[in-house]
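J.: Sharing a model prediction with you, sequence too.
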Amino acid sequence: MVACLQDKYELHAISYKAKKNYGISNLYTWETIETISDSYLAVIHLAGLAHDTQNQRDESDYFNVNVGLTQKLITQLDKWNVSTFIYLSSVKAVVDSTSSTSITEDAKLTAKNVYGRSKLAAEQAILSSNAYANKIVLRPVLIYGPGQKGNLNALEKLIHKGIWFPFKNWDNRRSVLSVHNLTSTIKSLLMKSIPSGVYFIADDTPVSTVDILNAIGSGSNHKVRFIPIPNGLIKFGLSILPKRLSALTDKIFGSLEVDTSKLKTALGISTMPHDTAIDLPRSFEKLSNNLTT
């Protein structure tokens, strides 16, 4: 984010990590934000407590960070004369991991995990605030880009180890988001005013799990090995797995597609600037050099 904005804007940051990065003019801590007296065109709120796959965190931790820090920022917006407040939420504020239909911003809220509920509570705090700033809530799907971590990195390691994947003919649809489309959108939002509200953000074209694996293989120059097990047999296997594994299998085999027409209409664009077919393989080119085969 810093790299794409530093040439045009003077950037100040609030962080728990008291380390001044290149491109940041002033660095503050969350404990001292009340002392900030500058005026700002915009505040981009990216901080948050990510989902803990090991379930070792207390529910209060998520709300203290994801909601508490958001509320601290909101109370300062008018003091800082902020025109635009951009909050990076998550698709998990709406749904846990899968959906059988394309989701719009008006979809019924079905998320039950604490991370999603904390992000939703933060959204609600923002949109119900009386702060003057225009309030934009972005709900990204799975974000990919150079140096990414999490599930995509784990899949790449499996490919490098020569693991055989048993779903060559599996057909699901998952929306993903290039970090370049995310940063391009935020740059546009700093230059163009759109109505306050919630917006899904994703690449134009959903991909299947097989597409993702092939993109990883292409970008990292490794062969992806498949075993063509019939889909019916895979479905039966999934149906008898323990419930504690359902979240993992949903991420691999399930579909989760979002409708981004609201955001694109507001920005006056018909397509996102970066293509998944190009960006997804490229996001693994440098990372692959750090992995052993």
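T.: The structure has been received and is ready for your questions.

J.: Based on its surroundings, how many neighbours for S128?
T.: Close neighbours of S128, defined as other C-beta atoms under 10 Å, add up to 9. For glycine as for every other residue, the C-beta is placed from the backbone atoms N, C-alpha and C.

J.: K135 too?
T.: Residues lying near K135 (other C-beta under 10 Å) number 22.

J.: Contact partners for it?
T.: Under the criterion of C-beta atoms under 8 Å, 6 or more residues apart in numbering, the contact partners of K135 comprise 85, 87, 126-127, 129, 196-197.

J.: 7 Å instead?
T.: With contact taken as C-beta atoms under 7 Å, 6 or more residues apart in numbering, K135 is in contact with 85, 126-127, 129, 196.

J.: ok, now how distant is the residue nearest to it when sequence neighbours are not counted from Y132?
T.: Leaving aside its sequence neighbours, K135 sits nearest to S196 (C-beta to C-beta, 6 or more residues apart in numbering; 4.4 Å). As defined by C-beta to C-beta, to the nearest Å, S196 lies at a distance of 11 Å from Y132.

J.: So for these two, which sits in the more crowded spot?
T.: Each of S196 and Y132 has its neighbours counted (other C-beta under 10 Å); S196 has more, 15 against 12.

J.: what sits against that one?
T.: The neighbourhood of S196, defined by C-beta under 7 Å, 6+ apart, consists of 127, 134-136.

J.: Just the pLDDT for it.
T.: The confidence metric pLDDT takes the value 97 at S196.

J.: what would the contacts of S196 look like in a markdown table with pLDDT, distance to A47 and secondary structure?
T.: Compiled in a markdown table, the contacts of S196 are given as follows (pLDDT from 0 to 100; distance: C-beta to C-beta, whole Å; DSSP: H, G, I helix; E, B strand; the rest coil):
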| residue | pLDDT | distance to A47 | secondary structure |
| --- | --- | --- | --- |
| L127 | 96 | 18 | helix |
| N134 | 96 | 20 | strand |
| K135 | 97 | 16 | strand |
| I136 | 98 | 16 | strand |
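
J.: And these, which is closest to W170?
T.: I136 (35.6 Å; C-beta to C-beta).

J.: Burial check on the closest residue to that closest one other than its chain neighbours, number of neighbours?
T.: The shortest distance from I136 to any residue other than its chain neighbours is 4.8 Å, reached at I86 (C-beta to C-beta, 6+ apart). One way to gauge burial is a neighbour count; for I86, by other C-beta under 10 Å, it gives 20.

J.: now swap in D171 and tell me
T.: Neighbours of D171 under the rule other C-beta under 10 Å: 10.

J.: follow-up on the earlier one: now that we have the contacts of S196, which of them are buried?
T.: When burial is judged by neighbour count using 16 or more other C-beta atoms under 10 Å, the buried members of the contacts of S196 are 134-136.

J.: For the stretch 1-150 of the chain, just list every one of the strands.
T.: 11-14, 24-28, 42-45, 84-88, 134-140, 142-144 (DSSP state E, counting those that start in this stretch).

J.: ok, and what's touching the third one?
T.: If you take C-beta under 7 Å, 6+ apart as the criterion, strand 42-45 is touched by 70, 73, 77, 82-88, 186, 190.

J.: Could you do the first one as well?
T.: Contacts of strand 11-14 from elsewhere in the structure, counted by C-beta under 7 Å, 6+ apart, are 2, 5, 23-30, 33, 38.

J.: redo that, cut-off 8 Å
T.: Residues beyond strand 11-14 that count as contacts (C-beta under 8 Å, 6+ apart) turn out to be 2, 5, 21, 23-30, 33, 36, 38, 40, 47, 73.

J.: Would you mind checking these for buried ones?
T.: The neighbour count (16+ other C-beta under 10 Å) marks 5, 23, 28, 33, 40, 47, 73 as buried among these.

J.: out of these, who's nearest I201?
T.: Out of these, the one with the shortest distance to I201 is L5. That distance is 17.0 Å, counting by C-beta to C-beta.

J.: leaving aside the residues next to it on the chain, what's closest to that closest one?
T.: The shortest distance from L5 to any residue other than its chain neighbours is 6.1 Å, reached at L11 (C-beta to C-beta, 6+ apart).

J.: what residue ranges in the protein score low on pLDDT?
T.: Applying pLDDT under 70 to the chain picks out residues 17-20, 51-56, 238-249, 286-293.
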